[in-house]
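Colleague: predicted structure and sequence below. I'll ask about it afterward.
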Amino acid sequence: MIVVGGEALVDLVEDGDRLRAVPGGGPFNTAIALGRLGLPVAFLGTLSRDGYGSLLGDLLTDAGVDTSLVHRSDAPTPLAIVHRGNGSNTYTFYLTGTSLSDLPQTALPELTNDVIALHVGTLGLAVDPPAGAFEALLLREAGRRAIMLDPNVRPPVFGDQGSYRERFERLAARATVVKLSDGDAAWIYPGLEPATAMDRVLALGPQLVAVTLGPDGAIAATSDARAHVAAFAVDVVDTVGAGDTFGAALLAALVEQDALKPGATLDDAVLERTLSFAATAAAITCTRTGAVPPSRADVDARLASVAGAK
């Protein structure tokens with residue numbers, strides 16, 4: 001079982017002169033993606049009892065995500081307006097007084113022995129509350145199961161860069177896997193090239209660091225190996241959720257190759273297979289409107305078609 005911790009919210013996506021409501025939140029998207037890839041996964045976060053919260057819960061269940069760890073709240077569902085850009089999006093968040101902040105440390109559950117990995121990201125690492133609760137959870141579970149971090153930086157609500165960097169590095173030192181986008185790396189480590197930022201994070205102690213590079217593909221490194229894969233050429237419809245899908249597929253590939261077990265060897269071949277799987281899943285997501293991650297069959301079919309074309 002993989003437990004994904006963080007926020008679930010509703011994205012209001014600019015669609016001409018209108019705003020289209022799309023379920024979202026990095027951790028929510030990640031949990032959905034893992035479920036659609038066929039991995040046992042549970043979501044740990046707060047859902048409102050309002051209509052949007054009920055919708056989010058139903059979508060988790062439909063994707064096969066266990067919701068037994070969900071904390072329920074009478075506060076409204078948080079919202080984010082997605083402003084479409086040229087190849088990237090920006091966000092305006094409405095979080096004050098919402099269910100996002102309703103996750104006291106006393107509500108953190110004990111994780112069962114079948115939980116092999118804990119994934120936390122986005123607002124759960126930055127906005128307090130609930131960031132303090134998730135940090136306590138990560139520090140409690142580090143060493144007991146694999147930890148994956150995905151900062152998924154949202155500058156308007158992440159506060160002071162220096163303060164965030166301190167928390168990020170404190171947690172990255174306890175993590176097994178850290179996944180960044182090139183934008184995340186540029187915000188956390190201004191002036192550093194993505195590969196240099198990757199090496200800086202790797203030096204903190206995680207087993208693996210991966211960085212997505214948009215149209216330039218993705219890179220990853222361990223203490224002994226490195227890999228780079230090119231981006232898959234697709235007709236991009238929407239990039240919302242692509243990074244979350246990449247992170248979910250990255251984690252799925254590592255789990256399925258037993259690469260998160262203590263003493264596992266992550267050589268160049270494992271890294272390249274892992275990145276190719278994750279990049280393929282993310283590319284498929286980009287061909288769809290909204291954060292709609294692919295099924296395992298979708299990814300396998302795309303990989304097979306690429307292999308057959310070589």
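Modeller: That came through fine.

Colleague: was I right to think residue 292 contacts residue 285?
Modeller: Yes - in this structure, residue 292 is within contact of residue 285 by CB atoms under 8 Å, at 6.6 Å. From N, CA and C alone the C-beta is placed, and that goes for glycine too.

Colleague: between these two, what contacts are shared?
Modeller: residue 241 (CB atoms under 8 Å, 6 or more residues apart in numbering).

Colleague: for the stretch 51-200 of the chain, which segments count as helices?
Modeller: Here the stretch 51-200 of the chain has its helices, by DSSP state H, counting those that start in this stretch, at 51-62, 131-141, 155-158, 161-172, 182-188, 194-202.

Colleague: on that earlier part again, and residue 292 and residue 285? Which one has more around it.
Modeller: residue 285 (30 against 20; other CB atoms under 10 Å).

Colleague: you'd agree the more buried one is up against residue 299?
Modeller: No - the criterion here is CB under 8 Å, and residue 285 misses it with residue 299 at 10.2 Å.

Colleague: so what's residue 98 up against?
Modeller: 9, 48, 75-79.

Colleague: could you measure from residue 19 over to residue 13?
Modeller: Distance, residue 19 to residue 13, using CB to CB, to the nearest Å: 7 Å.

Colleague: so which of those two has more stuff around it?
Modeller: It is residue 13, of residue 19 and residue 13, that has more neighbours when counted by other CB under 10 Å, with 22 against 14.

Colleague: that one in helix, strand or coil?
Modeller: strand (DSSP: H, G, I helix; E, B strand; the rest coil).

Colleague: my guess is it contacts residue 22. True?
Modeller: Yes - Residue 13 lies in contact with residue 22 (CB under 8 Å); the separation is 5.2 Å.

Colleague: surely residue 84 meets residue 12?
Modeller: No - between residue 84 and residue 12 there is no contact under CB under 8 Å: 11.7 Å.

Colleague: between these two, who's got more neighbours?
Modeller: A count of neighbours by other CB under 10 Å puts residue 12 above the other of residue 84 and residue 12, at 20 against 14.

Colleague: please spell out which residues along stretch 201-209 are buried.
Modeller: 201-202, 204, 206-209 (16 or more other CB atoms under 10 Å).

Colleague: state the mean pLDDT of that stretch.
Modeller: On average, the pLDDT along stretch 201-209 is 96.

Colleague: quick one: contacts of it?
Modeller: 169, 172-180, 198, 220-223, 254, 259-260, 266, 271.

Colleague: can I get the CA coordinates of it in PDB?
Modeller: Taking Å, rounded to 0.1, in the frame of the first residue of the first chain, the C-alpha atoms of stretch 201-209 are listed here in PDB:
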ATOM      1  CA  VAL A 201      19.300  17.700  -3.200                       C
ATOM      2  CA  LEU A 202      20.900  14.300  -3.700                       C
ATOM      3  CA  ALA A 203      23.700  15.300  -1.300                       C
ATOM      4  CA  LEU A 204      21.200  15.800   1.400                       C
ATOM      5  CA  GLY A 205      20.700  12.000   1.600                       C
ATOM      6  CA  PRO A 206      17.800  10.700  -0.500                       C
ATOM      7  CA  GLN A 207      18.300   7.600  -2.500                       C
ATOM      8  CA  LEU A 208      17.000   9.100  -5.800                       C
ATOM      9  CA  VAL A 209      16.300  12.600  -7.100                       C
END
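
Colleague: burial of the nearest residue to residue 150 once chain neighbours are set aside, as a residue count?
Modeller: Excluding the flanking residues, the one nearest residue 150 by CB to CB, 6 or more residues apart in numbering is residue 121, at 3.4 Å. The tally of other residues near residue 121 (other CB under 10 Å) stands at 28.

Colleague: how about the contacts made by residue 121?
Modeller: 6, 26-27, 30, 149-152, 247.

Colleague: drop anything exposed from those.
Modeller: 6, 26-27, 30, 149-152, 247.

Colleague: so which of the buried residues of stretch 201-209 belong to strands?
Modeller: 208-209 (DSSP state E).

Colleague: now render the buried residues of stretch 201-209 as a markdown table, adding distance to residue 192.
Modeller: Listed next are the buried residues of stretch 201-209 as a markdown table, based on distance: CB to CB, whole Å:
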| residue | distance to residue 192 |
| --- | --- |
| 201 | 10 |
| 202 | 13 |
| 204 | 14 |
| 206 | 17 |
| 207 | 21 |
| 208 | 19 |
| 209 | 13 |
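
Colleague: can you tell me which residues contact residue 225?
Modeller: 266-268, 270-271 are the contacts of residue 225 under CB under 8 Å, 6+ apart.
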